[in-house]
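**Student:** just coords:
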């Protein structure tokens with residue numbers, strides 16, 4: 001399928017072996033999905049796009065009910081979803097404003113997304129392919145001032161942004177705090193010996209009390225599968241799994257990096273952050289150092305780590 005090809009820009013830091021491995025995984029996944037008759041989220045988007053292009057959509061102009069359509073988390077949209085957006089732009093550009101918001105620095109996977117690439121894609125699709133000269137593309141507006149993070153966290157984030165810019169050769173704007181006095185927050189490192197039963201019981205009680213509150217606990221795991229794997233190896237967490245609510249249900253407030261996106265907490269616990277990952281310390285030192293690397297695969301791994 002044309003949409004399953006890996007864009008060259010997205011693979012510029014990958015070795016040939018890694019690209020072939022990715023293609024092999026994709027082929028196995030597609031074979032498994034088709035043989036079992038499953039549809040994933042991209043299939044659903046393709047079906048919606050096909051129905052609009054073939055004139056069989058039930059959409060029937062309902063989009064005209066709105067003056068403006070806001071699309072959030074634009075950095076996570078796939079090329080197929082952008083094709084669907086451009087189709088709607090072509091059809092409703094005279095009556096509906098479509099605003100896309102997002103943050104390329106929030107992509108967990110280095111997808112190669114950029115506002116410049118998006119603008120080029122939409123312009124080519126709407127202007128050149130569809131011939132819609134009435135469509136107007138407004139300039140991008142970058143909002144770099146954080147209204148919800150204290151200056152200490154903004155400064156910490158800028159360290160990561162600088163390292164990411166160095167690795168990806170991007171010109172990234174640094175964040176700014178709303179004001180220099182917004183220091184109503186702190187970053188505290190708490191030593192914890194997981195082999196010490198007394199310390200483990202104290203941490204277990206603390207995490208249990210945090211469940212269902214305005215305290216969020218994050219573990220260094222990408223998704224639910226990695227999260228479950230880490231939980232099974234940590235005695236504190238396995239004990240915590242037995243914690244129930246009054247209704248007999250588990251308060252599941254322990255998150256992976258993926259599941260915590262979009263959530264907000266007054267206090268965040270980074271539980272054993274990196275301690276459960278074999279090469280966390282090594283990656284942290286290499287990705288945040290000013291040393292240049294000529295190894296494209298190493299740079300790609302560091303970029304993934306920073307994301």
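**Tutor:** Yep, it's here. Being a predicted model, the structure only gives us computed values, none of them experimental.
**Student:** need the next SSE after the longest helix along the chain, C-terminal direction.
**Tutor:** In the chain, with assignment by DSSP state H, the single longest helix is helix 16-35. As assigned by DSSP states H and E, the chain's next helix or strand after helix 16-35 is helix 41-53.
**Student:** any idea of the angle that following helix forms with helix 16-35?
**Tutor:** Relative orientation of helix 41-53 versus helix 16-35 (axes from the mean of the first three to the mean of the last three C-alpha atoms, to 10 degrees): 70 degrees.
**Student:** Residue 49 is in contact with residue 83, isn't it?
**Tutor:** Yes: counting by C-beta atoms under 8 Å, residue 49 does reach residue 83; the two are 5.9 Å apart. (Each C-beta comes from the backbone N, C-alpha and C, glycine too.)
**Student:** Show the low-confidence segments of the stretch 51-200 of the chain, by residue range.
**Tutor:** By pLDDT under 70, the low-scoring segments of the stretch 51-200 of the chain are 59-61, 63, 92-95, 108-112, 125-135, 181-185.
**Student:** can you give me the helices for it?
**Tutor:** Under the criterion DSSP state H, counting those that start in this stretch, the stretch 51-200 of the chain contains helices at 79-92, 115-123, 151-168, 197-210.
**Student:** Mean neighbour count and distance to residue 283 for the ones you listed - can I get that in CSV?
**Tutor:** Output for the helices of the stretch 51-200 of the chain, formatted as CSV (neighbours: other C-beta atoms under 10 Å; distance: least, C-beta to C-beta, whole Å):
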stretch, mean neighbour count, distance to residue 283
helix 79-92, 18, 29
helix 115-123, 15, 27
helix 151-168, 17, 11
helix 197-210, 15, 25
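**Student:** could those be laid out in JSON lines, adding distance to residue 275?
**Tutor:** JSON lines is the format used below for the helices of the stretch 51-200 of the chain (distance: least, C-beta to C-beta, whole Å):
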{"stretch": "helix 79-92", "distance to residue 275": "37"}
{"stretch": "helix 115-123", "distance to residue 275": "37"}
{"stretch": "helix 151-168", "distance to residue 275": "19"}
{"stretch": "helix 197-210", "distance to residue 275": "12"}
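**Student:** among those, which is nearest residue 64?
**Tutor:** Nearest to residue 64 among the helices of the stretch 51-200 of the chain is helix 79-92; the distance by C-beta to C-beta comes to 6.7 Å.
**Student:** list the helices and strands the closest one packs on?
**Tutor:** helix 41-53, strand 97-100, helix 115-123 (3 or more C-beta pairs under 8 Å, 6 or more residues apart in numbering; DSSP states H and E).
**Student:** Can you say which of these is nearest to residue 233?
**Tutor:** helix 41-53 (30.4 Å).
**Student:** That closest one vs helix 79-92, what angle?
**Tutor:** Using the same axes, to 10 degrees: helix 41-53 against helix 79-92 is 30 degrees.
**Student:** And helix 41-53, what's buried?
**Tutor:** 45, 46, 48, 49, 52 (16 or more other C-beta atoms under 10 Å).
**Student:** Name the nearest of the residues you listed relative to residue 211.
**Tutor:** Nearest to residue 211 among the buried residues of helix 41-53, with distances taken as C-beta to C-beta, is residue 45, at 35.5 Å.
**Student:** show me what contacts that closest one?
**Tutor:** 78, 80, 81, 84 (C-beta atoms under 8 Å, 6 or more residues apart in numbering).
**Student:** go on, residue 155?
**Tutor:** Residue 155 neighbours (C-beta under 8 Å, 6+ apart): residue 177.
**Student:** so for the longest helix of the chain, what's the average pLDDT?
**Tutor:** Averaged over helix 16-35, pLDDT sits at 89.
**Student:** picking up where we left off before, mind checking which of the helices and strands packed on helix 79-92 is nearest residue 235?
**Tutor:** The nearest among the helices and strands packed on helix 79-92, by C-beta to C-beta, is helix 41-53 at 36.3 Å.
**Student:** now that closest one, how far from the centre of its chain.
**Tutor:** 23 Å (C-alpha atoms, centre = their mean, to the nearest Å).
**Student:** check contacts around residue 282.
**Tutor:** Contacts of residue 282 by C-beta under 8 Å, 6+ apart: none found.
**Student:** Name the SS class of it, please.
**Tutor:** helix (DSSP: H, G, I helix; E, B strand; the rest coil).
**Student:** Could you report the separation of it from residue 14?
**Tutor:** Distance of residue 282 to residue 14, computed by C-beta to C-beta, to the nearest Å: 20 Å.
**Student:** And the furthest pair within the contacts of residue 45?
**Tutor:** Top of the distance list for these (C-beta to C-beta): 78 and 84, 9.7 Å.
**Student:** From the chain's centroid, how far away is the longest helix of the chain?
**Tutor:** Taking mean C-alpha positions (C-alpha atoms, centre = their mean), helix 16-35 and its chain are 22 Å apart.
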